[in-house]
Every structure is written in C-alpha cells, then in structure tokens.
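Peer 1: One predicted model, sequence on top.
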Amino acid sequence: MKQPIALTLLGIVLLAGLAGRFARASASGENYAAVQETAVEAFLQQRGWVAGERIPITSDFTYSARVFARKGCWEPLLVSVVGGGSDAGGLYRRAGTREWRFVRDGEESADPPSLRFMLDQTLANFISPGRRASPILAVSAPVKETGACLGPSPSEWRELGAPPA
C-alpha cells in the first residue's frame, strides 16, 4: 500500500518540476518582462505615476525595479516584474533595502507565489499555446507616505491582468 502512494507522489513531484521548468523557460524571458513592464508603466500612468530610471536588485540587472514618481509624493514607488523566479523573495529582502510585497491576481504576500505562477503558466500553455499567466510583481511602496502615494492596492493591481501572448 505504501509503495503505490510513494510512487504516485514521486510522479507528481517530477511532473511539477518539469512543468515548473517549462513555465519558467516560457514565461520569464526578456520578452515577457518587457511586455509586462510596458503594461505596468501604462497602468501606473493612468493613475498619475511617471516612470523613471531602472535600479538593479541584482548587480547584473537580472532583477531590477522601475522607479515611479507622482506629483505631491515625496518617495517613489518601485515595481519589479518577478516572473517565475522562486529565488526572488530573498533578493528583495536583503538588509538595508525597502520593504517589498509580492502581488499577483489581486493578492498580496510576503513571498513570491512562484509555484502557483508556474502551475498557472503551465495550464495556460495547455489551454492555449503561447498564452501567459498573470505576472508576479514585487512592489515597494513608500514607507512615509499615505493615501494615493502608497500606490495601487492589491485589488487594483488585479486590473493589470496577464500580458498578451
């Protein structure tokens, strides 16, 4: 009885690993990030934010954040497209950096929902090849601001949706 259950669980883990690799390869490339960053910029411009420079999260810009400023706000809003990087959580929590939250599909979390993203991307590809899942965004709101200067709420980010295929 234990052996069939163990083999089934092993098969599920192997399939999830393969699906994760497939989703990461298909969803986290430069094109995906560029399309999503353009969508983020348009989304925030509609809410009064102006895009500025890109700052590195990692020294080689594998992960970077876009700086957004808003009239009347003292501190900028930082937004980064994470993609399927399960290692991203630790990168954004380094000592001395701002506080980051991960937003996807209107939900906010302290860690990037990478497994859920990879499963959704795999399902999206099975349903319609080339289709994209909604991204994981790392958002760092200004600490000393209130109201509109905090940036969009998680439910407002839901309106951004998935990038076109």
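Peer 2: Structure received.

Peer 1: My guess is Asp120 contacts Ile127. True?
Peer 2: No - using CB atoms under 8 Å, Asp120 is not in contact with Ile127; the gap is 10.5 Å. C-beta here means a position set from N, CA and C on the backbone, and glycine is covered the same way.

Peer 1: So what's the gap between whichever strand or helix holds Val103 and the chain middle?
Peer 2: Val103 is located in strand 101-104, with elements delineated by DSSP states H and E. The chain centre lies 6 Å from the centre of strand 101-104; the measure is CA atoms, centre = their mean, to the nearest Å.

Peer 1: Relative to it, what are the paired strands and their orientations?
Peer 2: According to DSSP bridges, strand 101-104 forms sheet pairs with strand 107-109 (antiparallel), strand 137-140 (antiparallel).

Peer 1: buried residues in it?
Peer 2: By 16 or more other CB atoms under 10 Å, the buried positions in strand 101-104 come out as Phe102, Val103, Arg104.

Peer 1: Can you add pLDDT and distance to Gln45 and give the residues you listed back as TSV?
Peer 2: Below are those laid out as TSV (pLDDT from 0 to 100; distance: CB to CB, whole Å):
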residue	pLDDT	distance to Gln45
Phe102	87	22
Val103	87	18
Arg104	83	21
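
Peer 1: Where do the helices of this protein begin and end?
Peer 2: Secondary structure of the chain by DSSP state H: the helices cover 2-27, 30-45, 88-92, 114-127, 154-157.

Peer 1: quick one: the residue nearest the centre of the chain from Cys149, how far?
Peer 2: For the chain, the residue sitting closest to the mean C-alpha position, by CA atoms, centre = their mean, is Ile136 at 1.8 Å. Separation of Ile136 from Cys149 (CB to CB, to the nearest Å) stands at 23 Å.

Peer 1: which ones are touching Gly52?
Peer 2: By CB atoms under 8 Å, 6 or more residues apart in numbering, the contact list for Gly52 reads Arg66, Val67, Phe68, Ala69, Pro76.

Peer 1: okay if I get these as CSV plus pLDDT?
Peer 2: What follows is the contacts of Gly52, written out as CSV (pLDDT from 0 to 100):
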residue, pLDDT
Arg66, 93
Val67, 95
Phe68, 96
Ala69, 95
Pro76, 92
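
Peer 1: Can you tell me which of these is closest to Val50?
Peer 2: Ala69 (5.3 Å; CB to CB).

Peer 1: Test my guess that the closest one contacts Trp49.
Peer 2: Yes - here Ala69 reaches Trp49: they are 6.9 Å apart, a contact under CB under 8 Å.
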